[in-house]
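*Asks:* the following comprises the amino acid sequence and a computationally predicted model.
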Amino acid sequence: MTREGSPFKGTATVALKEAADHMTSARMHLIMLLVLLTAIGAVYGAIGRITETTAQDPFLFLKLLTVAREPLPSFAAFLGFLLPLVAIALGFDAVNGEYARRTMSRLLAQPIYRDAVLFGKFLGGLLVIGIALLTLWLLMTGLGILFLGLPPSGGDIVRGIAYLLTTLAYAGVWLALAIAFSTVIRSPATSALAALSVWLVLTVFWGMIAPLIAGVIVPLDPFDPLTVISQFETQQAVARVSPQTLYGEVTTMLLDPAARSVGPLFFDQVQGAIVGAPLPTIQSLLVVWPQLTALVAGMILLFTIAYVVFQRQEVRA
């Protein structure tokens with residue numbers, strides 16, 4: 001039987017309804033309150049450190065995202081650690097929650113296809129995260145203007161927007177992962193536990209596992225110094241399986257204009273370069289373009305898995 005009309009008809013309706021449900025849920029309010037308080041604390045601590053910096057720095061506002069004061073982490077490090085939890089909280093029961101509430105059959109009884117249901121749920125969660133990130137970024141900019149007494153430069157704004165879009169793609173990876181688990185696993189509690197387990201392994205333990213895997217793949221040869229470089233490159237490749245590693249490399253290049261590479265730099269590569277000179281924004285983006293592509297590809301791959309599984313599931317009234 002051939003389907004008629006666009007398979008994504010009704011996607012906007014599902015997305016807006018999903019976003020409204022998230023915005024009004026107590027779970028989302030508690031999570032965003034925690035995120036907001038921690039972000040304000042991180043930015044306020046950074047402002048205290050930045051006041052010691054001269055105002056001639058052309059990228060002064062970027063330091064709001066990278067400078068930290070103990071015991072709080074920097075704003076960028078804080079988002080890299082806690083944003084996956086927000087995404088998982090929004091998506092772990094996106095599909096199996098409908099089955100648990102016995103509302104999936106009524107939802108699919110409407111004149112919309114399954115494509116619109118799943119895509120709308122993903123876009124709804126991504127919309128909520130995007131609004132939260134934009135609010136945090138504007139709040140950070142406002143606090144910077146208030147306490148530093150300086151407006152952000154054009155370079156700050158461009159790099160800040162690029163960082164904002166990268167962070168949204170990073171959150172989309174974890175949201176797609178949570179939705180994939182909610183599609184494969186029927187129990188919401190089990191899907192949440194599975195998503196949190198993957199987050200814990202890739203965020204906390206993967207940095208310790210990557211050197212071990214690299215040592216097995218490329219063992220060191222005491223008579224061949226080139227094996228040191230080969231093992232380090234292998235370790236980097238294994239570490240980039242984790243979305244947090246990719247996000248950290250992109251963050252370093254975008255928020256530190258003086259950074260020139262995410263890997264080792266040899267003397268012939270920096271010969272003739274002015275030490276400490278900022279790299280143009282377009283050049284920084286070109287350096288981390290593979291990492292950006294990998295984040296978007298990971299998000300699409302995980303959503304595709306959820307899409308295929310959801311299309312094959314049987315829904316009973």
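*Replies:* Received, thanks. Numbering: from 1, shown residues only.

*Asks:* which SS class is the nearest residue to residue 220 once chain neighbours are set aside?
*Replies:* The spatially closest residue to residue 220, leaving aside those adjacent along the chain, is residue 227, at 5.3 Å (C-beta to C-beta, 6 or more residues apart in numbering). Where C-beta positions appear, they are placed from N, C-alpha and C, glycine not excepted. Classification of residue 227 using DSSP: H, G, I helix; E, B strand; the rest coil returns helix.

*Asks:* equivalent analysis for residue 279, please.
*Replies:* Three-state assignment for residue 279 (three-state DSSP): coil.

*Asks:* got the contact list for it?
*Replies:* By C-beta atoms under 8 Å, 6 or more residues apart in numbering, residue 279 lies in contact with 253, 257, 258, 259, 260, 287.

*Asks:* how close does it get to residue 254?
*Replies:* Going from residue 279 to residue 254 by C-beta to C-beta, to the nearest Å gives 10 Å.

*Asks:* helices and strands of this protein: which one has the lowest mean pLDDT?
*Replies:* Least confident helix or strand, the chain: helix 267-270 with a mean of 49, by mean pLDDT, DSSP states H and E.

*Asks:* burial of residue 41, as a residue count?
*Replies:* A count of neighbours around residue 41, defined by other C-beta atoms under 10 Å, yields 16.

*Asks:* and it, how far is that from residue 145?
*Replies:* Distance of residue 41 to residue 145, given as C-beta to C-beta: 19 Å.

*Asks:* what about the residue nearest the centre of the chain, helix or strand, and which?
*Replies:* Using C-alpha atoms, centre = their mean, the residue of the chain that lies closest to the mean C-alpha position is residue 170, 2.0 Å off. Assessed by DSSP states H and E, residue 170 sits inside helix 154-184.

*Asks:* which strands or helices does that helix pack on?
*Replies:* Counting contacts by 3 or more C-beta pairs under 8 Å, 6 or more residues apart in numbering; DSSP states H and E, helix 154-184 packs against helix 75-91, helix 96-100, helix 114-148, helix 188-200, helix 243-255, helix 281-287, helix 289-312.

*Asks:* for it, what is the average pLDDT?
*Replies:* Mean pLDDT, taken over the full extent of helix 154-184, equals 91.

*Asks:* cool, stretch 41-60 as well?
*Replies:* Across stretch 41-60, pLDDT averages out at 68.

*Asks:* can you get me the start-to-end distance on that stretch?
*Replies:* Here the two ends of stretch 41-60 are set 18 Å apart, with distance taken as C-alpha to C-alpha, to the nearest Å.

*Asks:* low-confidence stretches in the stretch 151-300 of the chain?
*Replies:* Scanning the stretch 151-300 of the chain with the threshold set as pLDDT under 70 gives 263-277.

*Asks:* go with 90
*Replies:* Regions of the stretch 151-300 of the chain meeting the criterion pLDDT under 90 cover residues 151-160, 186, 188, 204, 207-208, 210-211, 214-237, 240, 252-288.

*Asks:* take the contacts of residue 279 and lay them out in CSV including distance to residue 45 and neighbour count.
*Replies:* Formatted as CSV, the contacts of residue 279 follow (distance: C-beta to C-beta, whole Å; neighbours: other C-beta atoms under 10 Å):
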residue, distance to residue 45, neighbour count
253, 23, 27
257, 22, 21
258, 22, 10
259, 22, 17
260, 28, 16
287, 29, 19
